[in-house]
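build me a structure from this.
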Amino acid sequence: MPLYLGVMSGTSLDGLDIALIEQLQQPRLLASLYRPMPDTLRHELLSLCATGNDELARAALAENRWAELAAEAITHLLQREGLEATAIRAIGSHGQTVRHEPARGFTVQIGNPALLAERTGISVVADFRRRDVAANGQGAPLVPAFHQAVFDTGDMPRAVLNIGGFSNVTLLQPEQPVCGFDCGPGNALLDAWIGVQRGLTYDDRGAWAASGHVVPALLQRLLAMPFFQTQGPKSTGRELFNLPWLQEHLNALPPIAAEDVQRTLLELTSLSIVHALQAAQTDCREVLVCGGGAHNQTLMSRLAELLPGVHVTTTAHYGIDPDWVEAMAFAWLAHCCLERIPANRPSVTGAGGQRILGAIYPA
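Numbering: from 1, shown residues only. Reported below is the predicted structural model:
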(Lines give C-alpha, C1' and ligand atoms only; values in the text may rest on other atoms or scores of the structure.)
Protein backbone atom coordinates (compact mmCIF):
# COMPACT_ATOMS: atom_id res chain seq x y z
CA MET A 1 0.00 0.00 0.00
CA PRO A 2 2.15 2.95 -1.22
CA LEU A 3 1.45 5.99 0.98
CA TYR A 4 2.48 9.54 0.13
CA LEU A 5 2.08 12.94 1.77
CA GLY A 6 1.47 16.14 -0.17
CA VAL A 7 2.21 19.57 1.28
CA MET A 8 0.68 22.56 -0.47
CA SER A 9 1.21 26.19 0.43
CA GLY A 10 -0.39 28.41 -2.18
CA THR A 11 -0.31 32.06 -3.13
CA SER A 12 -3.08 32.83 -0.63
CA LEU A 13 -0.48 32.28 2.12
CA ASP A 14 -3.21 31.26 4.56
CA GLY A 15 -1.56 28.03 5.67
CA LEU A 16 -0.34 24.55 4.81
CA ASP A 17 -2.63 21.87 3.39
CA ILE A 18 -1.35 18.34 4.02
CA ALA A 19 -2.90 15.29 2.38
CA LEU A 20 -2.15 11.63 3.00
CA ILE A 21 -2.93 9.50 -0.03
CA GLU A 22 -2.83 5.86 -0.97
CA GLN A 23 -1.53 5.49 -4.52
CA LEU A 24 -2.83 2.41 -6.27
CA GLN A 25 -4.51 2.65 -9.68
CA GLN A 26 -6.09 5.90 -8.53
CA PRO A 27 -4.96 8.15 -5.67
CA ARG A 28 -7.24 7.96 -2.65
CA LEU A 29 -7.35 10.52 0.16
CA LEU A 30 -6.88 8.83 3.54
CA ALA A 31 -6.40 11.81 5.87
CA SER A 32 -5.74 15.53 5.82
CA LEU A 33 -4.58 18.35 8.06
CA TYR A 34 -4.59 22.12 7.79
CA ARG A 35 -2.02 24.22 9.63
CA PRO A 36 -2.58 28.00 9.64
CA MET A 37 0.36 30.17 8.63
CA PRO A 38 1.69 32.22 11.57
CA ASP A 39 1.22 35.92 10.88
CA THR A 40 4.92 36.74 11.15
CA LEU A 41 5.86 34.05 8.63
CA ARG A 42 3.03 35.02 6.32
CA HIS A 43 4.12 38.66 6.29
CA GLU A 44 7.76 37.70 5.67
CA LEU A 45 6.86 35.37 2.78
CA LEU A 46 4.65 38.05 1.28
CA SER A 47 7.44 40.61 1.54
CA LEU A 48 9.79 38.23 -0.30
CA CYS A 49 7.51 38.37 -3.33
CA ALA A 50 8.98 41.82 -4.04
CA THR A 51 12.54 43.09 -4.03
CA GLY A 52 13.94 44.21 -0.68
CA ASN A 53 16.97 44.36 1.57
CA ASP A 54 19.00 41.26 2.49
CA GLU A 55 16.72 38.98 0.47
CA LEU A 56 19.00 35.93 0.39
CA ALA A 57 19.36 35.67 4.16
CA ARG A 58 15.71 36.52 4.78
CA ALA A 59 14.57 33.87 2.28
CA ALA A 60 16.85 31.26 3.85
CA LEU A 61 15.50 31.95 7.33
CA ALA A 62 11.89 32.03 6.11
CA GLU A 63 12.18 28.69 4.33
CA ASN A 64 13.65 27.13 7.46
CA ARG A 65 10.63 28.31 9.42
CA TRP A 66 8.32 27.02 6.67
CA ALA A 67 10.00 23.58 6.76
CA GLU A 68 9.78 23.43 10.56
CA LEU A 69 6.06 24.28 10.39
CA ALA A 70 5.48 21.59 7.75
CA ALA A 71 7.48 18.99 9.72
CA GLU A 72 5.55 19.70 12.92
CA ALA A 73 2.23 19.36 11.08
CA ILE A 74 3.29 16.13 9.35
CA THR A 75 4.42 14.63 12.65
CA HIS A 76 1.07 15.54 14.20
CA LEU A 77 -0.85 13.99 11.29
CA LEU A 78 1.11 10.74 11.46
CA GLN A 79 0.66 10.47 15.22
CA ARG A 80 -3.05 11.11 14.85
CA GLU A 81 -3.32 8.37 12.22
CA GLY A 82 -1.13 5.90 14.13
CA LEU A 83 1.51 5.76 11.39
CA GLU A 84 5.29 5.62 11.58
CA ALA A 85 7.42 7.75 9.28
CA THR A 86 8.65 4.54 7.66
CA ALA A 87 5.12 3.90 6.35
CA ILE A 88 5.38 6.93 4.03
CA ARG A 89 7.26 6.48 0.77
CA ALA A 90 7.74 10.21 0.19
CA ILE A 91 6.52 13.72 0.83
CA GLY A 92 5.65 15.82 -2.21
CA SER A 93 6.38 19.39 -1.13
CA HIS A 94 5.27 22.31 -3.26
CA GLY A 95 7.14 24.81 -1.11
CA GLN A 96 6.19 28.47 -1.16
CA THR A 97 6.38 30.40 -4.42
CA VAL A 98 8.05 33.77 -3.88
CA ARG A 99 8.91 34.58 -7.52
CA HIS A 100 7.50 33.22 -10.76
CA GLU A 101 8.87 34.74 -13.94
CA PRO A 102 9.12 32.04 -16.62
CA ALA A 103 9.52 34.69 -19.32
CA ARG A 104 12.87 35.46 -17.67
CA GLY A 105 13.65 31.77 -17.26
CA PHE A 106 13.09 31.26 -13.54
CA THR A 107 10.64 30.31 -10.84
CA VAL A 108 11.44 30.15 -7.11
CA GLN A 109 9.75 27.98 -4.50
CA ILE A 110 11.36 27.99 -1.06
CA GLY A 111 10.81 25.43 1.70
CA ASN A 112 14.16 23.76 2.48
CA PRO A 113 13.31 20.16 1.50
CA ALA A 114 16.58 18.95 3.01
CA LEU A 115 15.51 20.23 6.43
CA LEU A 116 12.02 18.78 5.95
CA ALA A 117 13.55 15.35 5.23
CA GLU A 118 15.82 15.70 8.28
CA ARG A 119 13.00 16.65 10.64
CA THR A 120 10.51 14.01 9.45
CA GLY A 121 12.77 11.09 8.52
CA ILE A 122 10.84 10.81 5.24
CA SER A 123 12.20 11.28 1.72
CA VAL A 124 11.07 14.55 0.16
CA VAL A 125 10.39 15.34 -3.49
CA ALA A 126 10.35 19.08 -4.18
CA ASP A 127 11.23 21.76 -6.74
CA PHE A 128 8.68 20.50 -9.25
CA ARG A 129 8.41 23.58 -11.44
CA ARG A 130 11.97 24.38 -12.50
CA ARG A 131 12.45 21.40 -14.82
CA ASP A 132 9.44 22.47 -16.87
CA VAL A 133 10.77 26.05 -17.03
CA ALA A 134 14.18 24.68 -18.07
CA ALA A 135 12.35 22.99 -20.97
CA ASN A 136 10.98 26.43 -22.00
CA GLY A 137 7.66 25.87 -20.24
CA GLN A 138 5.67 28.10 -17.95
CA GLY A 139 6.25 25.83 -14.95
CA ALA A 140 2.55 26.23 -14.15
CA PRO A 141 -0.05 25.04 -13.78
CA LEU A 142 1.23 21.55 -12.93
CA VAL A 143 -2.00 20.06 -11.58
CA PRO A 144 -3.76 19.41 -14.93
CA ALA A 145 -2.09 15.99 -15.25
CA PHE A 146 -3.51 15.08 -11.83
CA HIS A 147 -6.92 16.52 -12.74
CA GLN A 148 -6.89 14.38 -15.87
CA ALA A 149 -6.00 11.27 -13.85
CA VAL A 150 -8.86 11.65 -11.37
CA PHE A 151 -11.62 13.63 -13.11
CA ASP A 152 -11.46 12.70 -16.80
CA THR A 153 -14.21 10.16 -17.38
CA GLY A 154 -14.14 10.69 -21.15
CA ASP A 155 -17.88 11.28 -21.36
CA MET A 156 -18.11 15.07 -21.76
CA PRO A 157 -16.09 18.28 -22.08
CA ARG A 158 -15.47 19.55 -18.57
CA ALA A 159 -13.17 22.00 -16.82
CA VAL A 160 -11.50 21.71 -13.43
CA LEU A 161 -11.12 25.19 -11.99
CA ASN A 162 -8.74 25.81 -9.11
CA ILE A 163 -9.34 29.14 -7.38
CA GLY A 164 -6.55 29.81 -4.93
CA GLY A 165 -4.64 33.07 -4.72
CA PHE A 166 -4.72 32.87 -8.51
CA SER A 167 -7.04 30.85 -10.71
CA ASN A 168 -6.11 28.15 -13.17
CA VAL A 169 -8.22 25.91 -15.34
CA THR A 170 -7.77 22.40 -16.69
CA LEU A 171 -9.70 21.56 -19.86
CA LEU A 172 -10.68 17.92 -20.25
CA GLN A 173 -11.94 17.10 -23.73
CA PRO A 174 -12.78 13.53 -24.80
CA GLU A 175 -10.01 12.02 -26.95
CA GLN A 176 -7.96 15.24 -26.84
CA PRO A 177 -4.76 16.17 -24.96
CA VAL A 178 -5.38 17.90 -21.65
CA CYS A 179 -5.04 21.68 -21.77
CA GLY A 180 -4.82 24.27 -19.04
CA PHE A 181 -3.48 27.67 -18.04
CA ASP A 182 -3.69 30.42 -15.43
CA CYS A 183 -6.71 32.69 -15.83
CA GLY A 184 -5.66 35.57 -13.55
CA PRO A 185 -6.36 36.63 -9.96
CA GLY A 186 -8.38 34.27 -7.82
CA ASN A 187 -8.51 35.29 -4.16
CA ALA A 188 -5.22 37.23 -4.07
CA LEU A 189 -6.61 40.72 -4.67
CA LEU A 190 -9.82 40.02 -2.74
CA ASP A 191 -7.82 38.90 0.30
CA ALA A 192 -5.34 41.76 0.01
CA TRP A 193 -8.06 44.42 -0.24
CA ILE A 194 -10.12 43.16 2.70
CA GLY A 195 -6.89 42.89 4.68
CA VAL A 196 -6.06 46.56 4.12
CA GLN A 197 -9.62 47.82 4.61
CA ARG A 198 -10.97 45.60 7.37
CA GLY A 199 -8.00 43.75 8.86
CA LEU A 200 -9.35 40.34 7.79
CA THR A 201 -7.49 37.61 5.96
CA TYR A 202 -10.36 36.72 3.60
CA ASP A 203 -13.93 37.65 2.67
CA ASP A 204 -16.03 34.97 4.37
CA ARG A 205 -18.41 33.46 1.76
CA GLY A 206 -17.93 36.65 -0.29
CA ALA A 207 -20.36 38.50 1.99
CA TRP A 208 -18.51 41.84 1.91
CA ALA A 209 -18.25 41.74 -1.89
CA ALA A 210 -21.98 40.99 -2.06
CA SER A 211 -22.69 44.21 -0.14
CA GLY A 212 -21.07 46.32 -2.87
CA HIS A 213 -21.64 47.12 -6.53
CA VAL A 214 -19.50 46.68 -9.61
CA VAL A 215 -17.81 49.91 -10.73
CA PRO A 216 -17.65 49.64 -14.54
CA ALA A 217 -14.88 52.23 -14.95
CA LEU A 218 -12.61 50.36 -12.55
CA LEU A 219 -13.47 46.97 -14.00
CA GLN A 220 -12.71 48.19 -17.52
CA ARG A 221 -9.29 49.46 -16.44
CA LEU A 222 -8.41 46.21 -14.68
CA LEU A 223 -9.52 44.02 -17.57
CA ALA A 224 -7.31 46.06 -19.93
CA MET A 225 -4.26 44.30 -18.43
CA PRO A 226 -2.48 42.70 -21.46
CA PHE A 227 -2.34 39.32 -19.68
CA PHE A 228 -6.08 38.90 -20.22
CA GLN A 229 -5.69 39.33 -23.98
CA THR A 230 -3.27 36.41 -24.31
CA GLN A 231 -4.10 32.72 -24.66
CA GLY A 232 -2.44 29.75 -23.01
CA PRO A 233 0.03 28.41 -22.26
CA LYS A 234 0.37 31.20 -19.72
CA SER A 235 0.89 31.65 -16.00
CA THR A 236 0.88 34.58 -13.64
CA GLY A 237 1.31 35.66 -10.02
CA ARG A 238 1.89 38.58 -7.68
CA GLU A 239 4.48 39.97 -10.10
CA LEU A 240 1.55 41.24 -12.23
CA PHE A 241 -1.45 41.42 -9.91
CA ASN A 242 -0.84 43.11 -6.56
CA LEU A 243 -2.06 45.95 -4.35
CA PRO A 244 0.19 48.64 -5.91
CA TRP A 245 -1.21 47.69 -9.34
CA LEU A 246 -4.76 48.02 -8.00
CA GLN A 247 -3.96 51.29 -6.24
CA GLU A 248 -2.55 52.77 -9.43
CA HIS A 249 -5.91 52.26 -11.13
CA LEU A 250 -7.84 53.54 -8.11
CA ASN A 251 -5.76 56.71 -8.10
CA ALA A 252 -6.87 57.44 -11.66
CA LEU A 253 -10.56 57.42 -10.70
CA PRO A 254 -12.82 59.38 -8.34
CA PRO A 255 -13.06 57.86 -4.83
CA ILE A 256 -14.80 54.48 -4.71
CA ALA A 257 -16.41 52.88 -1.66
CA ALA A 258 -14.29 50.06 -0.29
CA GLU A 259 -17.05 47.47 -0.62
CA ASP A 260 -17.58 48.48 -4.26
CA VAL A 261 -13.88 47.88 -4.93
CA GLN A 262 -14.28 44.41 -3.38
CA ARG A 263 -17.30 43.63 -5.54
CA THR A 264 -15.44 44.83 -8.63
CA LEU A 265 -12.47 42.61 -7.78
CA LEU A 266 -14.82 39.64 -7.48
CA GLU A 267 -16.21 40.51 -10.90
CA LEU A 268 -12.67 40.68 -12.26
CA THR A 269 -11.99 37.16 -10.96
CA SER A 270 -15.29 35.87 -12.36
CA LEU A 271 -15.01 37.44 -15.80
CA SER A 272 -11.35 36.57 -16.30
CA ILE A 273 -12.18 32.92 -15.59
CA VAL A 274 -15.28 32.82 -17.77
CA HIS A 275 -13.75 34.67 -20.72
CA ALA A 276 -10.70 32.38 -20.68
CA LEU A 277 -12.84 29.25 -20.39
CA GLN A 278 -15.27 30.22 -23.13
CA ALA A 279 -12.45 31.10 -25.52
CA ALA A 280 -10.70 27.76 -24.98
CA GLN A 281 -13.57 25.29 -24.53
CA THR A 282 -16.71 26.43 -26.32
CA ASP A 283 -18.65 23.24 -25.55
CA CYS A 284 -17.91 22.97 -21.82
CA ARG A 285 -20.73 21.23 -19.97
CA GLU A 286 -19.39 21.01 -16.42
CA VAL A 287 -17.04 23.06 -14.23
CA LEU A 288 -15.59 21.46 -11.10
CA VAL A 289 -14.24 24.06 -8.67
CA CYS A 290 -11.57 23.39 -6.05
CA GLY A 291 -9.42 25.59 -3.82
CA GLY A 292 -10.49 28.25 -1.34
CA GLY A 293 -12.68 29.99 -3.92
CA ALA A 294 -15.09 27.06 -3.76
CA HIS A 295 -16.24 28.44 -0.38
CA ASN A 296 -16.95 31.93 -1.75
CA GLN A 297 -20.69 31.66 -2.30
CA THR A 298 -20.90 35.01 -4.09
CA LEU A 299 -18.17 33.98 -6.50
CA MET A 300 -19.69 30.55 -7.12
CA SER A 301 -23.09 32.08 -7.78
CA ARG A 302 -21.60 34.62 -10.17
CA LEU A 303 -19.77 31.91 -12.12
CA ALA A 304 -23.03 29.98 -12.47
CA GLU A 305 -24.80 33.13 -13.72
CA LEU A 306 -22.09 33.78 -16.29
CA LEU A 307 -22.12 30.17 -17.52
CA PRO A 308 -25.76 29.36 -18.30
CA GLY A 309 -26.23 25.78 -19.36
CA VAL A 310 -23.01 24.69 -17.63
CA HIS A 311 -23.16 22.64 -14.43
CA VAL A 312 -21.00 24.57 -11.95
CA THR A 313 -20.21 22.53 -8.85
CA THR A 314 -17.19 21.51 -6.77
CA THR A 315 -14.90 18.50 -6.95
CA ALA A 316 -16.87 17.07 -4.01
CA HIS A 317 -19.36 16.00 -6.73
CA TYR A 318 -16.74 13.39 -7.69
CA GLY A 319 -15.80 12.47 -4.14
CA ILE A 320 -12.78 14.74 -3.55
CA ASP A 321 -13.06 17.59 -1.07
CA PRO A 322 -12.15 20.83 -2.89
CA ASP A 323 -9.84 21.84 -0.03
CA TRP A 324 -7.46 18.92 -0.59
CA VAL A 325 -7.16 18.57 -4.37
CA GLU A 326 -3.93 20.57 -4.64
CA ALA A 327 -2.18 18.82 -1.74
CA MET A 328 -3.22 15.46 -3.19
CA ALA A 329 -1.78 16.54 -6.54
CA PHE A 330 1.68 17.14 -5.07
CA ALA A 331 1.61 13.80 -3.27
CA TRP A 332 0.80 12.25 -6.67
CA LEU A 333 3.60 14.25 -8.32
CA ALA A 334 6.03 12.77 -5.79
CA HIS A 335 4.85 9.31 -6.83
CA CYS A 336 5.36 10.18 -10.50
CA CYS A 337 8.91 11.40 -9.82
CA LEU A 338 9.93 8.26 -7.94
CA GLU A 339 8.39 6.05 -10.62
CA ARG A 340 10.02 8.15 -13.37
CA ILE A 341 6.67 9.08 -14.89
CA PRO A 342 6.66 12.40 -16.80
CA ALA A 343 4.12 14.64 -15.08
CA ASN A 344 4.14 17.91 -16.98
CA ARG A 345 1.95 18.40 -20.03
CA PRO A 346 3.45 20.43 -22.90
CA SER A 347 -0.09 21.23 -24.10
CA VAL A 348 -0.53 23.05 -20.77
CA THR A 349 2.84 24.67 -20.04
CA GLY A 350 4.34 24.96 -23.51
CA ALA A 351 7.43 22.97 -22.50
CA GLY A 352 9.55 21.36 -25.20
CA GLY A 353 8.39 17.89 -24.16
CA GLN A 354 7.30 15.72 -21.27
CA ARG A 355 9.68 15.76 -18.32
CA ILE A 356 10.08 13.99 -14.99
CA LEU A 357 9.49 16.71 -12.39
CA GLY A 358 11.03 17.14 -8.98
CA ALA A 359 14.27 16.76 -7.05
CA ILE A 360 14.64 13.95 -4.50
CA TYR A 361 15.99 14.47 -0.98
CA PRO A 362 16.38 10.99 0.55
CA ALA A 363 15.49 10.42 4.19
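
tell me what Ala359 is bridged to.
Counting by DSSP bridges, Ala359 is bridged to Ala126.

please enumerate the strands of the stretch 201-350 of the chain.
Here the stretch 201-350 of the chain has its strands, by DSSP state E, counting those that start in this stretch, at 286-290, 311-314.

adding distance to Phe181, write those out as CSV.
The C-beta positions use only the backbone N, C-alpha and C, and glycine is treated the same way. CSV is the format used below for these (distance: least, C-beta to C-beta, whole Å):
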stretch, distance to Phe181
strand 286-290, 15
strand 311-314, 19
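
what sits against Asn296?
Ile163, Asn187, Leu190, Asp203, Arg205, Gly206, Leu266 (C-beta atoms under 8 Å, 6 or more residues apart in numbering).

please state the offset of the helix or strand hosting Asp132 from the chain centre?
For Asp132, the host element (DSSP states H and E) is helix 130-134. On the basis of C-alpha atoms, centre = their mean, to the nearest Å, helix 130-134 sits 18 Å off its chain's mean C-alpha point.

shouldn't Gln96 be within a helix?
No. Under DSSP: H, G, I helix; E, B strand; the rest coil, Gln96 sits outside any helix and is assigned strand.

which residues does it bridge with?
Ser9, Ile110.

surely it is in contact with Trp66?
Yes. Counting by C-beta atoms under 8 Å, Gln96 touches Trp66, with 5.7 Å between them.

overlap of the contact sets of the two?
Ser9, Leu45, Ile110, Gly111.

neighbour-wise, which of those residues leads?
Ser9 (28 neighbours; other C-beta atoms under 10 Å).

how close does that one sit to Ala67?
Ser9 sits at a distance of 11 Å from Ala67 (criterion: C-beta to C-beta, to the nearest Å).

between the two, what contacts are shared?
Counting by C-beta under 8 Å, 6+ apart, the shared contacts of Ser9 and Ala67 are Gly111.

doesn't Arg89 belong to a strand?
Yes. Assessed by three-state DSSP, Arg89 belongs to a strand.

list the contacts of it.
Arg89 neighbours (C-beta under 8 Å, 6+ apart): Pro2, Leu3, Tyr4, Ser123, Ala334, His335, Leu338.

from those residues, which land in helices?
Judged by DSSP state H, helices contain the following of the contacts of Arg89: Ala334, His335, Leu338.

which non-adjacent residue is nearest the first one?
Across the structure, with C-beta to C-beta, 6 or more residues apart in numbering as the measure, the residue nearest Ala334 apart from its sequence neighbours is Gly92 (3.1 Å).

how many residues are close by that neighbour?
29.

hang on, it packs against Met328?
No. Counting by C-beta under 8 Å, Gly92 stays clear of Met328, with 9.3 Å between them.

can you flag the buried ones in the contacts of Arg89?
Leu3, Tyr4, Ser123, Ala334, His335, Leu338 (16 or more other C-beta atoms under 10 Å).

was I right about Ser211 contacting Asp260?
No. If you go by C-beta under 8 Å, Ser211 and Asp260 don't touch, sitting 9.1 Å apart.

where along the chain do the helices fall?
39-47, 55-81, 113-120, 130-134, 144-151, 188-198, 207-210, 216-223, 243-251, 258-280, 297-306, 325-338, 346-349.

any idea which of these is most buried?
Per-stretch averages of neighbours, counted by mean count of other C-beta atoms under 10 Å, single out helix 325-338 among the helices of the chain, with a mean of 26.

same question for it, mean pLDDT?
The average pLDDT for helix 325-338 rounds to 97.

check stretch 41-54 too.
On average, the pLDDT along stretch 41-54 is 92.

ok, stretch 178-196 next?
Averaging pLDDT along stretch 178-196 gives 95.

quick one: end-to-end distance for that stretch.
End-to-end span of stretch 178-196 (C-alpha to C-alpha, to the nearest Å): 39 Å.

tell me how far that stretch is from the chain's mean position?
Distance, centroid of stretch 178-196 to centroid of chain: 9 Å (C-alpha atoms, centre = their mean).
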